[in-house]
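A.B. asks: Sequence first, predicted coordinates after that:
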Protein chains: 2
Amino acid sequence: MENRNQTTHKNASFNLAKPVRCIIKLGGAAITCKNELETIHEENLKGVSSHLRQSMLSQSPSAKILGMDWSKQAGESNISCCIDDFRDQPSMASSPFIVVHGAGSFGHFQASESGVHKGGLDRPLVKAGFVATRISVTKLNLEIVRALAREGIPSIGLSPFSCGWSTSERNIASADLSAVTKAIDSGFVPVMHGDAVLDYSLGCTILSGDVIIRHLAAQFKPEYVVFLTDVLGVYDRPPSESDAILLREIAVHEDGSWSVVKPTLENLEVDITVAAHDTTGGMKTKISEAALIARLGIDVYIVKAGTSHSLRALSGELISNIPDDWLGTVIRFVK
Amino acid sequence: MENRNQTTHKNASFNLAKPVRCIIKLGGAAITCKNELETIHEENLKGVSSHLRQSMLSQSPSAKILGMDWSKQAGESNISCCIDDFRDQPSMASSPFIVVHGAGSFGHFQASESGVHKGGLDRPLVKAGFVATRISVTKLNLEIVRALAREGIPSIGLSPFSCGWSTSERNIASADLSAVTKAIDSGFVPVMHGDAVLDYSLGCTILSGDVIIRHLAAQFKPEYVVFLTDVLGVYDRPPSESDAILLREIAVHEDGSWSVVKPTLENLEVDITVAAHDTTGGMKTKISEAALIARLGIDVYIVKAGTSHSLRALSGELISNIPDDWLGTVIRFVK
């Protein structure tokens, strides 16, 4: 519990009726087309949404999917919904999950062109960039909420800015969790996202999805955290290199340091920080963020979205035992 | 100040750097095509957005419009933005405004089919309807934020649900204004909307834009409130009837009752509640809501969106004097 008081929380109530089972990061690279401006990778998003449904809702796999997005789809003039199917439906049980997504090809253009992350809201370009960034990331958020709702997941979009979250020198300074808590207690799945927020010292900045995840994990102490990415897990060098090795298990120690436990290649532990691939995917940053979560005693799985491996991770199957045929990276606290 | 303590406010800070000048209601009927599901009236929305720009920003009318929506427009593959134009731009002054919009042809279908307003979140149909309603109204909110941003208005979407607002028996029970306050103090224009919210007694309900306006007016005490509608103002009977009379001025008295001051037709005061047209546009409801705001000493103007009359109302020109050639309805407190 030592991390609960790191920041100020206004009226946050953590007396959840049911504890949070899992916090999921939908990596921007997994659900958007990274090189095409503001383009969702529809197929991947649909696959991921289906996996989330299977792991969240206690339904038989053959049960009819009751979609909750009763809005017009692009290019269609009518709404398709199955309202009558809901009438005789028994109340659906769902485990408390929280979803946080990155921006991928949304928001980055607007943020980097204007320098929102560096602050300076009194400059017209930064102020405009703040508005433009929020438009782009909330546009993505709406599409993700809709994709999850189409799978029957009672998803609710929650923007950090709207929830009143703000930072001080880029660290979370105020993060009211009451809207998140109320949504979870009412049986909804909050869907948060990286956002432009106000910063007490800089004026404004970008709050990343990874920092949000870490904060939520520290507050809600889920059973496990899953990062869904576009590669199998964390490698010792850029995964595009032919001899890149997938790191299967990383141990995080009391002092915050970490080491590769599996595979047990002798030279790996030495090379890792040097070989760290820190641009797209940001391996070192990712491990560091994940290590901070693991230090709380929460298992972290980094796994490729839309695969059987990710479905197993999402379902909580890995908590007791990591099967040999599971591909991904586990990051765990070891005393 | 007597109304400030009607509901609980968590950490709300009303020490705004500059007081709110105007709260604007964009009526759903004025900006959407009411009989076409989820369809925005693009032309009207553009006209309204242009008027808002003219009244909010202290620019010369010939100044170049610096759009802040740097996202792809429907059907286009590129982003058009004028980033370079911002670089030499002096800091823009804008008066604090708040925009609240109705739902029009968004959200109503989803809400009425599921009965969200009646509560009962434990029923699958209501829960799904809650999700579907929020998707539809946040879709409209995003489009309005974008339309305002394209006119250079630094607009920020704020959903009541995300801000943690909730009701008890449909009355606002908790309404954290910190996100709204922070947005205003940072020079943004908050754009709120009617929303599905949690209700302490019913489970959930619909919080209408009109109730939000009244609440914001009581808290922020703006100089004036403008309701932009699809007719010239409030009439003594459905405006589609040929002998309908536009009520130019309504006086609200200390005890909350109201009477028509202008025109001074003898039989008008007697007929008004009987002739009240209370379906679309909801004249009686509208006057009652407006009267509650006027009782706080705040002038309320009900006026047709996109006309010269609405521009005059938005600009604050009517505060000192209502010109004879102004068409609309003024609702004012008279001691």
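C.D. replies: Nice, thanks for sending it over.

A.B. asks: Sketch out the low-pLDDT regions of the stretch 51-200 of chain A for me.
C.D. replies: A:61, A:92-93 (pLDDT under 70).

A.B. asks: Quick one: work out the angle between the longest helix belonging to chain A and helix B:124-150.
C.D. replies: In chain A, taking DSSP state H as the definition, the longest helix is helix A:124-150. Here the directions of helix A:124-150 and helix B:124-150 differ by 160 degrees (axes from the mean of the first three to the mean of the last three CA atoms, to 10 degrees).

A.B. asks: Which is the succeeding secondary structure element to helix A:124-150?
C.D. replies: Downstream of helix A:124-150, the first helix or strand assigned by DSSP states H and E is strand A:155-157.

A.B. asks: Can you get me a residue count around the residue of the stretch 151-300 of chain A found nearest chain B?
C.D. replies: Nearest residue of the stretch 151-300 of chain A to chain B: residue A:162, at 3.6 Å (CB to the nearest CB). Every residue, glycine included, has its C-beta placed from N, CA and C. Residue A:162 is flanked by 26 other residues according to other CB atoms under 10 Å in any protein chain shown.

A.B. asks: any idea how far the residue lying closest to residue A:101 once chain neighbours are set aside is from chain B?
C.D. replies: Excluding the flanking residues, the one nearest residue A:101 by CB to CB, 6 or more residues apart in numbering or on different chains is residue A:26, at 4.0 Å. Distance, residue A:26 to chain B, by CB to the nearest CB, to the nearest Å: 18 Å.

A.B. asks: Surely residue A:26 touches residue A:99?
C.D. replies: Yes: shown here, residue A:26 and residue A:99 form a contact pair, counting by CB atoms under 8 Å, at 6.3 Å.

A.B. asks: okay, and the common contacts of the two?
C.D. replies: Common contact partners of residue A:26 and residue A:99 (CB atoms under 8 Å, 6 or more residues apart in numbering or on different chains): residue A:144.

A.B. asks: Can you classify residue A:310 by secondary structure?
C.D. replies: helix (DSSP: H, G, I helix; E, B strand; the rest coil).

A.B. asks: Tell me where the stretch 101-250 of chain A has helices.
C.D. replies: A:108-114, A:124-150, A:178-185, A:209-220 (DSSP state H, counting those that start in this stretch).

A.B. asks: any idea which element residue A:290 lies in?
C.D. replies: If you go by DSSP H and E, residue A:290 is part of helix A:283-294.

A.B. asks: which strands and helices sit next to that helix?
C.D. replies: helix A:209-220, strand A:224-229, strand A:234-235, strand A:249-252, strand A:299-304, strand A:329-333 (3 or more CB pairs under 8 Å, 6 or more residues apart in numbering or on different chains; DSSP states H and E).

A.B. asks: just how off-centre is it within its chain?
C.D. replies: For helix A:283-294, the separation from the chain centroid amounts to 13 Å (computed by CA atoms, centre = their mean, to the nearest Å).

A.B. asks: and what of stretch A:187-207?
C.D. replies: 13 Å.

A.B. asks: end-to-end on it?
C.D. replies: This stretch, stretch A:187-207, spans 26 Å end to end (CA to CA, to the nearest Å).

A.B. asks: Okay, buried residues for that stretch please.
C.D. replies: A:187-199, A:202-207 (16 or more other CB atoms under 10 Å in any protein chain shown).

A.B. asks: ok, and which of those reach chain B?
C.D. replies: A:187-188, A:198, A:203-204 (CB under 8 Å from any CB of the partner chain).

A.B. asks: right, and out of those, which lies closest to residue B:83?
C.D. replies: Each of these was scored against residue B:83 by CB to CB, and residue A:204 proved nearest at 16.9 Å.

A.B. asks: Check that closest one and give its pLDDT.
C.D. replies: Per-residue pLDDT puts residue A:204 at 97.

A.B. asks: Just give the closest residue to it, not the sequence neighbours.
C.D. replies: Distance criterion CB to CB, 6+ apart; nearest residue to residue A:204, sequence neighbours excluded, is residue A:121 at 4.9 Å.

A.B. asks: List the contacts of the one you found.
C.D. replies: Applying CB under 8 Å, 6+ apart to residue A:121 gives the contacts A:127, A:130, A:198, A:203-204, B:186-187.

A.B. asks: How about residue A:243?
C.D. replies: With contact set as CB under 8 Å, 6+ apart, residue A:243 has these partners: residue A:237.

A.B. asks: Need the phi and psi values for it.
C.D. replies: With angles defined as degrees, to the nearest 10, residue A:243 sits at phi -100, psi 20.

A.B. asks: Look up how far residue B:209 lies from it.
C.D. replies: 60 Å (CB to CB, to the nearest Å).

A.B. asks: what's the answer for residue A:317, then?
C.D. replies: With CB to CB as the criterion, residue A:317 and residue B:209 are 46 Å apart.

A.B. asks: ditto for residue A:334
C.D. replies: Here the criterion is CB to CB. By it, residue A:334 lies 54 Å from residue B:209.

A.B. asks: Between the two, point out the one with more neighbours.
C.D. replies: A direct count of neighbours by other CB under 10 Å for residue A:334 and residue B:209 places residue B:209 higher, at 23 against 13.

A.B. asks: my guess is that one meets residue B:100, correct?
C.D. replies: Yes: with contacts counted by CB under 8 Å, residue B:209 reaches residue B:100, the gap being 5.0 Å.

A.B. asks: Need the residues touching each of these two.
C.D. replies: The overlap between the contact sets of residue B:209 and residue B:100 (CB under 8 Å, 6+ apart) consists of B:25, B:192-194.

A.B. asks: and of those residues, the nearest to residue A:229?
C.D. replies: Nearest member of these to residue A:229, counting by CB to CB, is residue B:193, at 34.5 Å.

A.B. asks: got a list of what that closest one touches?
C.D. replies: B:100-103, B:137-138, B:140-141, B:144, B:157, B:159-160, B:209, B:212.

A.B. asks: now it: how far from chain A?
C.D. replies: Taking CB to the nearest CB, one finds residue B:193 at 12 Å from chain A.

A.B. asks: Please report the distance of that residue from residue A:168.
C.D. replies: For residue B:193, the distance to residue A:168 equals 30 Å [CB to CB].

A.B. asks: go on, residue A:127?
C.D. replies: To residue A:168, residue A:127 is 20 Å away according to CB to CB.

A.B. asks: In terms of neighbours, single out the busier of these two.
C.D. replies: residue A:127 (26 against 15).

A.B. asks: Looks like the more buried one contacts residue B:153 (just checking).
C.D. replies: No: in this structure residue A:127 lies outside contact range of residue B:153 using CB under 8 Å: 11.1 Å.

A.B. asks: Common neighbours of those two, please.
C.D. replies: Applying CB under 8 Å, 6+ apart, one finds that residue A:127 and residue B:153 are jointly contacted by residue B:68.
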